[in-house]
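Novice: Quick one: sequence and predicted model below, then my questions.
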Amino acid sequence: MLAALGISLSACAHGGAKAPDLKPVAEARPPVDPIAKRIADADAELQAGLSLAKDGHLNRARGSFDRAIDLYLTAPGGAYGNPRLAEGFRRTLETVQLRELEALAAGDGFTEQQAEPASIDEVGDIAVADVPPSEETRRTTQEAVREESNDLPIELNDAVLACIELYQGRLSEWFTGALVRGGRYLPHIRRVFAEEGIPQDLAYVALVESAFKPHALSRAKAKGVWQFISATGRRYGLEQDWWVDERSNPEKATRAAARYLKDLFQMFGDWNLALAGYNAGEFKVLRGLGRYGVSDFWSLRATRALRRETKNYVPMIHAAIVVAKAPEKYGFEFTPEPPLAYDTVGVEGPFDLRLISECANASLDDIRLLNPELRRLATPARRTFEIKVPVGSANKLSECLAAVPADQRVRFRTHVVARGQTLASIARRYGARPTDIAQANGISPKRRVAIGTELIIPIDPKVKAVAVRPAAAREEAAAAAEPSKGGPARVTYRIKPGDTLATIASQYRTTVRDIQNWNGLRGTRIAAGEKLTIYRPRKF
């Protein structure tokens with residue numbers, strides 16, 4: 001025991017002798033395991049890449065993935081020189097490949113954003129019975145209307161009170177979600193309605209229509225917070241093409257909705273009839289008024305002129321105004337989302353939104369939330385688009401995008417039209433549809449495309465394709481990257497099913513990055529049957 005403490009027995013025998021200094025013996029550290037450290041470093045890069053990919057920072061994620069793979073490929077003896085390295089390499093490759101498949105499923109930025117069910121379909125068909133409500137509901141609502149200043153006259157009939165009870169009961173969760181989302185848009189809606197000279201309480205039309213969801217799409221193909229059908233949206237200036245659908249732009253659609261409601265009021269001279277016209281179409285309401293000889297909505301509601309959805313629509317809006325302006329009286333507790341704040345940057349031509357999110361240091365979800373009118377994961381081609389980004393990131397985005405080479409701005413490919421090619425033949429070559437190519441490039445599907453025209457080619461994410469430049473460009477890139485004579489040997493490799501750039505790089509003791517440079521590859525997608533140029537070491 002004493003010896004273990006570093007004290008000799010002879011020193012203890014001399015009682016009068018000065019006690020020696022007690023210095024703790026430093027614990028011997030185990031030698032560093034170079035293989036374990038390399039695996040740990042690779043795992044750290046892999047996890048960093050997964051985290052970056054989750055946040056939409058794809059370029060930086062790919063860099064981390066490449067570094068993780070290169071740590072195995074550059075190990076003494078290669079990735080398979082040790083069983084632990086081989087297992088870590090296999091696990092890393094599987095993880096990266098899975099992430100690449102997920103990116104492939106997300107498409108080349110051309111898959112249209114998914115719509116959500118419109119509230120009007122969810123709640124419009126619910127039966128609203130004209131039965132006496134509870135006295136508590138009637139008393140609470142009378143008090144709320146007295147205390148709140150309403151610029152739209154509120155009707156407190158049994159249909160409206162029945163809708164209030166629906167919001168408190170069966171639809172309480174749906175109504176709460178709408179109130180939370182409404183915080184993003186209501187300040188702007190009220191401001192626009194005030195500028196247009198219509199009641200600000202009509203802001204809650206959007207609650208009933210869409211629950212404030214910009215991507216809401218109804219069975220009738222009405223879209224956006226204000227649920228415009230295509231024709232009415234165009235009538236009020238909302239652009240709709242292959243790239244953009246401004247019916248989903250809350251700001252522009254709000255201005256259009258204000259003007260449409262104003263026109264309806266001028267037509268009917270009554271806000272309730274104007275609301276019925278907004279839902280059913282003005283001509284249906286006009287025909288009903290003429291056929292049944294009535295002059296107000298509540299009388300028209302008692303006839304067979306309107307569908308149940310429209311009969312419920314106006315009382316639901318009255319009820320929504322009452323409850324939304326005094327939610328605490330009806331038991332609603334919620335924290336509204338803050339109003340959207342953003343900067344704008346004019347972006348010329350197509351940029352992948354995932355690249356924009358990376359440059360702006362924002363999540364992809366944030367970019368999509370601010371720009372719901374974009375139908376694809378890219379800004380429009382051949383024109384300037386004002387992209388909205390989080391406050392304070394505009395300058396960073398502009399500087400970052402300016403430094404991005406043109407061939408790295410989007411994940412889709414381009415094609416230069418050659419002699420004898422048509423949209424149909426080009427579409428067959430890439431597994432695309434002629435109409436999609438025409439729409440992506442803003443041309444007529446029947447138009448003959450001039451030789452030398454550069455076309456954007458939207459690729460279906462289900463179609464396997466190799467993201468390479470044309471053959472001439474590949475040869476040029478390979479020649480530029482070819483090592484001097486006497487260096488590595490040039491090999492032509494035909495890709496087999498199941499191959500990845502990482503497995504090929506391991507086989508030839510090179511890196512993914514080198515294979516990409518030698519072959520002019522923009523990404524990591526390859527397809528069986530294609531050929532790659534590989535420069536392998538002479539002593540291989």
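Specialist: Cool, the structure landed. Numbering: from 1, shown residues only.
Novice: Pull out the buried residues from stretch 300-315.
Specialist: Residues of stretch 300-315 classed as buried: 300-301, 305-306, 309-315 (neighbour count, 16 or more other CB atoms under 10 Å). The C-beta positions use only the backbone N, C-alpha and C, and glycine is treated the same way.
Novice: Just give me the closest of those residues to Thr137.
Specialist: Pro315 (13.4 Å; CB to CB).
Novice: quick one: that closest one and Val160 touch, right?
Specialist: Yes. If you go by CB atoms under 8 Å, Pro315 and Val160 touch, sitting 4.6 Å apart.
Novice: that older thread, for Ala206, state which of the buried residues of stretch 300-315 is nearest.
Specialist: Closest approach between those and Ala206, by CB to CB: Tyr313, at 12.8 Å.
Novice: What's the local residue count around the residue nearest to Cys400 when sequence neighbours are not counted?
Specialist: Closest residue in space to Cys400, ignoring its immediate chain neighbours: Cys359 at 3.4 Å, by CB to CB, 6 or more residues apart in numbering. When neighbours are counted by other CB atoms under 10 Å, Cys359 registers 23.
Novice: who are the neighbours in contact with Lys177?
Specialist: Not quite, residue 177 is Gly, not Lys. Neighbouring residues of Gly177 by CB atoms under 8 Å, 6 or more residues apart in numbering: Ala211.
Novice: beta partners for Ala216?
Specialist: Beta bridges link Ala216 to Glu116, judged by DSSP bridges.
Novice: Can you name the residues that contact it?
Specialist: Neighbour list for Ala216: 115-119, 209-210, 223-225, 227 [criterion: CB under 8 Å, 6+ apart].
Novice: What subset of these is buried?
Specialist: Buried members of these, counted by 16+ other CB under 10 Å: 115, 118-119, 209-210, 223-225, 227.
Novice: circling back to that earlier point, can you tell me which two in the buried residues of stretch 300-315 are farthest apart?
Specialist: So, those by CB to CB: farthest apart are Ala305 and Pro315, at 16.1 Å.
Novice: In the stretch 351-500 of the chain, what residue spans correspond to strands?
Specialist: Ranges of strands in the stretch 351-500 of the chain, per DSSP state E, counting those that start in this stretch, are 384-389, 413-416, 454-457, 489-494.
Novice: and the third one, what's its mean pLDDT?
Specialist: Computed over strand 454-457, the mean pLDDT rounds to 80.
Novice: what helices or strands is it leaning on?
Specialist: When contacts are defined as 3 or more CB pairs under 8 Å, 6 or more residues apart in numbering; DSSP states H and E, strand 454-457 packs onto strand 413-416, helix 423-430, helix 434-441.
Novice: Equivalent analysis for the first one, please.
Specialist: Contact partners of strand 384-389 among helices and strands, from 3+ CB pairs under 8 Å, 6+ apart: strand 343-348, helix 364-370.
Novice: For Ser172, find the nearest of the ones you listed.
Specialist: Closest of the helices and strands packed on strand 384-389 to Ser172 is helix 364-370, at 25.2 Å (criterion: CB to CB).
Novice: what comes up buried for the closest one?
Specialist: Across helix 364-370, burial judged by 16+ other CB under 10 Å covers 364, 366-370.
Novice: That helix: how far from the chain's middle?
Specialist: Helix 364-370 sits 6 Å away from the centroid of its parent chain (CA atoms, centre = their mean, to the nearest Å).
Novice: Now it: average pLDDT?
Specialist: 94.
Novice: got the contact list for that helix?
Specialist: Identification of contacts with helix 364-370 by CB under 8 Å, 6+ apart yields 55-56, 113, 340, 342, 353-354, 356-357, 360, 374, 387-390.
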